[in-house]
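Student: Here is the input, now give the coordinates:
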Amino acid sequence: MGGRSNIQKLRLAAAVTYSTAMSAYHRYTEGRVKELIEELQSADLVVGYNVVEFDYEVLRGYSKAPFEELPTLDMMQHLTRRLGFRPSLEAVATATLRVAKSADGLQAVRWYRQGLIDKVLNYCQKDVEITKRVHEFGKQHRFVYYWNKQYQRQMVPVNW
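Tutor: This is a model prediction of the structure:
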């Protein structure tokens with residue numbers, strides 16, 4: 001019963017945000033989901049990678065908040081419109097920053113099932129750090145890199 005149509009049925013295992021206003025990371029588990037939603041609603045801009053189709057959809061299982069009205073820059077959506085396919089954060093981060101993610105989503109699920117929530121939170125925080133750095137790079141240089149299907153490093157212009 002997986003797939004994109006069932007994302008709302010997922011529960012929040014862990015979430016991490018970075019607040020530029022406070023220059024701080026904030027960690028959330030399911031018990032603090034209300035605080036997470038409040039932080040997102042108070043943000044001037046939510047910047048994420050696949051935040052609209054994944055993160056907001058998971059949060060819809062907890063709230064009727066109009067997430068689609070939040071000021072949001074979903075970098076994956078932006079790049080998908082430019083490229084015609086959905087590049088992974090890993091493909092963009094390794095090509096742009098020469099930095100790899102610390103793990104993948106399936107590993108995070110295994111850690112969660114094993115009760116290793118700190119490992120899941122650390123994984124999420126690393127993803128947020130990488131997302132932040134990709135955003136900053138694109139904002140400064142007006143482009144990011146990605147690996148195409150032939151594993152060639154390509155540049156794509158961005159306007160965020």
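
Student: For F85, what are phi and psi?
Tutor: Phi and psi for F85, reported as degrees, to the nearest 10, are phi -150, psi 170.

Student: Do a quick rundown of the strands in this protein.
Tutor: If you assign secondary structure with DSSP state E, the strands in the chain sit at 15-19, 24-28, 46-48, 72-74, 143-147, 153-157.

Student: got a list of what the residue positioned nearest the centre of the chain touches?
Tutor: Per C-alpha atoms, centre = their mean, the C-alpha nearest to the average position across the chain is that of Y49, at 3.6 Å. Counting by C-beta atoms under 8 Å, 6 or more residues apart in numbering, Y49 makes contact with D74, M75, M76, L89, V92, D127, T131, V134. All C-beta spots, glycine's among them, are computed from the backbone N, C-alpha and C.

Student: what's the farthest-apart pair in those?
Tutor: Spatially, the most separated pair among the contacts of Y49 is D74 and D127, at 14.1 Å (C-beta to C-beta).

Student: pull the longest helix from the chain.
Tutor: Ranked by number of residues, the top helix in the chain under DSSP state H is helix 117-141.

Student: now for that helix, which elements pack on it?
Tutor: Other elements packing on helix 117-141 under the criterion 3 or more C-beta pairs under 8 Å, 6 or more residues apart in numbering; DSSP states H and E are strand 15-19, strand 24-28, strand 46-48, helix 75-83, helix 89-96, helix 105-113, strand 143-147.

Student: Turn those into JSON lines, including mean neighbour count, mean pLDDT and distance to S63.
Tutor: Converted to JSON lines, those look like this (neighbours: other C-beta atoms under 10 Å; pLDDT from 0 to 100; distance: least, C-beta to C-beta, whole Å):
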{"stretch": "strand 15-19", "mean neighbour count": "18", "mean pLDDT": "98", "distance to S63": "13"}
{"stretch": "strand 24-28", "mean neighbour count": "16", "mean pLDDT": "98", "distance to S63": "13"}
{"stretch": "strand 46-48", "mean neighbour count": "21", "mean pLDDT": "98", "distance to S63": "14"}
{"stretch": "helix 75-83", "mean neighbour count": "17", "mean pLDDT": "98", "distance to S63": "21"}
{"stretch": "helix 89-96", "mean neighbour count": "20", "mean pLDDT": "97", "distance to S63": "25"}
{"stretch": "helix 105-113", "mean neighbour count": "14", "mean pLDDT": "83", "distance to S63": "21"}
{"stretch": "strand 143-147", "mean neighbour count": "20", "mean pLDDT": "97", "distance to S63": "32"}
